[in-house]
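Enquirer: Okay, predicted coordinates and the sequence, questions at the end:
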Amino acid sequence: MASVLSSFFSRDPKANFGYDLPSEYFCVFNGVCLGNSFKKAEPNEKATCFWAKSENYKLKNQAMKLKTLRHPNVLAFLDFAEIEGTLYLITEPCKPLSVYFEDSQLTPAQKELVVSWGLYQLLSCLKFLHNEARISHGNIREGIYVTASGDWKFSGFHNTSAFQSPKTDLNDLAAVVWQVFNGFTENLGDSRSIAKIPKRLQTLYKKLESKGQVFASGDLLTESRAVGGFMKNKFVDTLLFLEEFQLKEASEKQSFFMNLKENLDMFPDDIAKYKILPKLIHAYEFGNAGAHILLPMFKLGRLLEEDEYQHRIVPCLVKLFSSPDRTTRVKLLEKIDEFAPHLKSDVINEKIYGNLVTGFLDTNPAVRESTVKAMVPLAEKLNYHNLNTDLMKYLARLQGGDDQPGIRTNTTICLGKIGCYIDPSQRQKILISAFTRALKDPFPPARMSGVLALGATQQYYSLSEVASRILPTLAPLTMDPEKQVRDQGFKALKGFLEKLEKASENPSIIPELEAQVNAGGRSGLLSSEKVPQWAGWAIKAISGKFYKSSNPVSNPEEKQVIQEEKRPTTTSTTASSTMSTTKIDSSSGKSQVVDGWGDMEDEEENESDGNGAESWTTRAKSMEKTIQKKDKVSGWDVDEKQSKASGWDIDEKESKTAGWDVDEKQDDPDDWSTDWEKPKKETKPAATSKGMLKLNKTVKKEEVDVETLFGITPTSTQDSKRSTPSRSTKEASPASSKNSGWDDFEVQESNNSGWDNDDWGDAPSKPKTSNRKAELAARNEQKKQELSAKRATKGIGAMKLGGNKGD
């Protein structure tokens with residue numbers, strides 16, 4: 001018992017104190033040491049400790065005054081103690097005004113703005129002290145402190161007295177203003193030059209320094225905030241708006257945040273980090289700030305240390321990813337490169353990924369495209385299931401079934417960028433299947449992205465896969481309609497052939513060539529060792545760019561407009577939702593394709609002089625005539641019939657037929673090696689029968705009333721009435737049965753080209769149609785004669801026939 005009592009009375013008083021007592025100080029001011037402290041229970045709550053010997057009555061009086069005075073511009077009191085003959089005063093983090101200007105590196109413009117905000121706060125506090133507390137400070141020159149957030153506050157109330165006149169305090173404040181621009185010295189003469197004081201401040205300075213006429217603090221404050229006053233600027237306006245944020249209207253808040261990003265550069269780092277950023281976070285969590293708050297918040301987040309970022313920004317990001325607002329989500333995904341390095345793996349997989357992947361299924365193309373791009377900086381931190389199974393399922397659906405060609409293109413590029421993170425057991429199967437599928441896309445940039453992705457990931461494919469799967473799919477690109485695609489295809493073919501040739505000449509290097517096929521690690525594209533020279537162009541291209549699409553369709557109304565534009569009768573030229581824009585110069589007849597591919601393209605096509613048989617000029621003329629009938633989604637010279645014939649019918653039903661239905665009920669939703677990659681499935685008419693049914697219907701509709709169209713009159717109306725309808729249907733059915741799958745495209749070409757006629761250049765379709773009608777008429781006449789002959793032999797039939805003629 002005695003030992004317990006002894007330990008109780010001998011307990012260290014410093015250990016019981018709620019705040020850490022520093023052993024080092026950062027400055028000594030008027031005999032008082034100042035050091036950094038923090039709350040023991042919450043180390044993130046910083047503070048400043050003032051300490052001095054017990055004989056220093058000034059510190060003790062100051063502590064008593066701070067404890068009783070409460071104002072936004074009075075230094076906040078936290079704790080006070082006297083331990084072992086030393087007085088300890090704990091306040092909010094701060095430093096003397098003179099030390100603040102010595103430590104800060106402000107430009108002259110920033111300094112003037114900071115002083116305008118500081119004087120506004122000090123005059124507001126003097127108004128409170130003089131009018132409500134009815135005291136005079138009496139020690140302003142030594143009693144001004146600046147907090148971590150850049151606020152100017154009063155302390156040092158040990159010389160206070162009953163208020164009689166504001167003259168003394170205002171004169172002391174004028175001396176402080178002079179010291180800010182001329183240097184802090186202890187002795188100030190009566191005559192002080194105002195040459196270094198900004199001109200906009202000189203009027204206020206003279207009134208503060210006045211020895212005769214006395215001005216009230218409130219009057220000076222009102223005058224300085226009027227139009228043309230020293231404190232009427234964007235700096236003070238912005239900070240005051242944040243102070244009164246809860247009282248503002250929704251329209252005012254929206255306008256404020258839209259302009260805030262442009263005004264952030266004028267603020268010093270301490271004010272931006274510790275004053276503006278907390279206000280923004282608070283406004284988002286407890287207000288309706290909307291998506292406009294994101295850009296300034298991310299910009300200010302760069303100023304934070306890693307611990308501060310995790311504590312203050314990451315919780316906000318988790319909440320933002322769960323937002324149902326599309327504008328917020330798109331802006332968040334567009335800026336993901338700025339905050340992705342700060343997100344930890346467990347936070348991404350457990351709190352963010354589930355909400356993030358819902359963007360793949362969004363009906364808004366902008367959300368889907370932004371989600372695809374956002375996976376590149378996050379892929380490295382995804383766990384095995386999310387990366388190799390779940391994510392691949394979503395990417396397979398987009399690449400094989402999305403109606404936006406830009407999204408299909410960027411999906412391929414995304415896979416090329418994250419291929420190094422995929423598990424080696426799944427990587428080769430996924431990448432080859434995905435990239436070879438991209439080579440069959442009707443959109444030229446999509447095909448080009450497939451070639452680049454294959455070249456950039458060449459180290460992940462075995463030699464047998466290169467020979468059996470990659471080269472056969474690259475070979476058709478040598479006859480691609482687009483020269484840029486052909487050029488990239490030739491480069492890739494030469495590179496892969498060179499790799500096979502090296503292995504053939506020196507089989508001992510095969511293990512070295514295939515070293516990365518089953519290798520793990522997450523090194524990334526550009527850090528791969530021993531990259532072949534031929535693959536350098538692909539790595540540089542695929543790692544540096546996404547396809548720059550135009551504004552995707554963002555609402556159902558825009559989608560309706562695009563659907564109407566596909567009709568032949570529509571003359572609207574709106575193309576804001578297409579993934580590439582075709583500009584046609586009516587004077588020159590040249591077509592300039594702006595596809596956003598940038599310097600990844602060889603600009604040979606655009607520089608063509610028109611001498612080549614397949615120049616852009618020829619295609620532009622055809623494009624100009626058929627712009628109404630072209631698929632507005634693709635934006636390239638690939639019409640609907642070519643799209644269907646190429647096996648890229650992205651209709652939902654056909655995507656299921658092609659083996660790309662990624663419904664969760666399937667046994668292997670991430671299996672990229674499905675039926676689409678088999679040659680038989682590609683060329684089988686049934687694979688595109690649904691897409692071609694639409695074409696058959698269109699062709700049949702155009703041939704209605706063909707006699708009137710070509711000016712052909714039947715030989716006899718009575719004969720046509722007697723002709724059997726079922727017979728004509730049987731005659732026409734073979735022709736229609738041929739119009740399915742790949743045959744439909746061939747039949748249409750043969751009908752319209754007229755290659756078998758000598759005069760094909762005049763009217764290729766008329767002779768063939770006339771001959772066909774004459775043949776049908778002759779056949780019907782022959783049939784009619786046969787029927788008449790049979791009836792004549794029987795007699796009864798002849799009587800009926802004669803009766804009809806009599807009628």
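Expert: Yes, it's here. Numbering: from 1, shown residues only.
Enquirer: In the helix or strand harbouring Asp270, which residues are buried?
Expert: Following DSSP states H and E, one finds Asp270 within helix 269-271. By neighbour count on 16 or more other Cβ atoms under 10 Å, the buried set for helix 269-271 is Asp270, Ile271. Using the backbone N, CA and C atoms, a C-beta is placed for each residue, glycine as well.
Enquirer: In terms of secondary structure, what does it contact?
Expert: With contacts defined as 3 or more Cβ pairs under 8 Å, 6 or more residues apart in numbering; DSSP states H and E, helix 269-271 has no helix or strand neighbours.
Enquirer: can you count the residues close to Gln426?
Expert: Counted with other Cβ atoms under 10 Å, the neighbours of Gln426 add up to 17.
Enquirer: Need the per-residue pLDDT for the nearest residue to it once chain neighbours are set aside.
Expert: Leaving aside its chain neighbours, Gln426 sits nearest to Asn388 (5.2 Å; criterion: Cβ to Cβ, 6 or more residues apart in numbering). On pLDDT, Asn388 comes in at 94.
Enquirer: Likewise for the one 4 residues further on?
Expert: According to the prediction, Met392 has pLDDT 95.
Enquirer: Please report how far it lies from Leu332.
Expert: Separation of Met392 from Leu332 (Cβ to Cβ, to the nearest Å): 23 Å.
Enquirer: For the helix holding Asp270, give me every contacting residue.
Expert: By Cβ atoms under 8 Å, 6 or more residues apart in numbering, the residues outside helix 269-271 that reach it are Ser104, Val114, Ala148, Ser149, Gly150, Leu239, Leu303.
Enquirer: Give the next helix or strand downstream of that helix.
Expert: Counting by DSSP H and E, what follows helix 269-271 is helix 277-286.
Enquirer: Alpha carbons of that next one, as PDB, please.
Expert: The C-alpha coordinates for helix 277-286 follow below in PDB (Å, rounded to 0.1, in the frame of the first residue of the first chain):
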ATOM      1  CA  LEU A 277      -9.300  22.800 -48.800                       C
ATOM      2  CA  PRO A 278     -11.000  22.000 -45.400                       C
ATOM      3  CA  LYS A 279     -13.900  24.400 -46.400                       C
ATOM      4  CA  LEU A 280     -14.300  22.500 -49.700                       C
ATOM      5  CA  ILE A 281     -14.300  19.100 -48.100                       C
ATOM      6  CA  HIS A 282     -16.900  20.300 -45.500                       C
ATOM      7  CA  ALA A 283     -19.000  21.900 -48.200                       C
ATOM      8  CA  TYR A 284     -19.100  18.600 -50.200                       C
ATOM      9  CA  GLU A 285     -19.800  16.400 -47.200                       C
ATOM     10  CA  PHE A 286     -22.600  18.600 -45.700                       C
END
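Enquirer: Quick check: buried residues in that helix?
Expert: Those would be Leu277, Lys279, Leu280, Ile281, Ala283, Tyr284, for helix 277-286 by 16+ other Cβ under 10 Å.
Enquirer: State the mean pLDDT of it.
Expert: Mean predicted confidence for helix 277-286 is 84.
Enquirer: what's the answer for stretch 330-346, then?
Expert: 91.
Enquirer: first vs last residue of it, how far apart are they?
Expert: 23 Å (Cα to Cα, to the nearest Å).
Enquirer: tell me which residues in that stretch are buried?
Expert: Val330, Lys331, Leu332, Leu333, Lys335, Ile336, Phe339, Ala340, Leu343.
Enquirer: just to revisit the earlier point, which of the buried residues of helix 277-286 sits closest to Phe360?
Expert: Using Cβ to Cβ, Tyr284 is the member of those that sits closest to Phe360, with 25.7 Å.
Enquirer: wait, the closest one sits on Cys316?
Expert: Yes: assessed by Cβ atoms under 8 Å, Tyr284 is found in contact with Cys316 at 6.4 Å.
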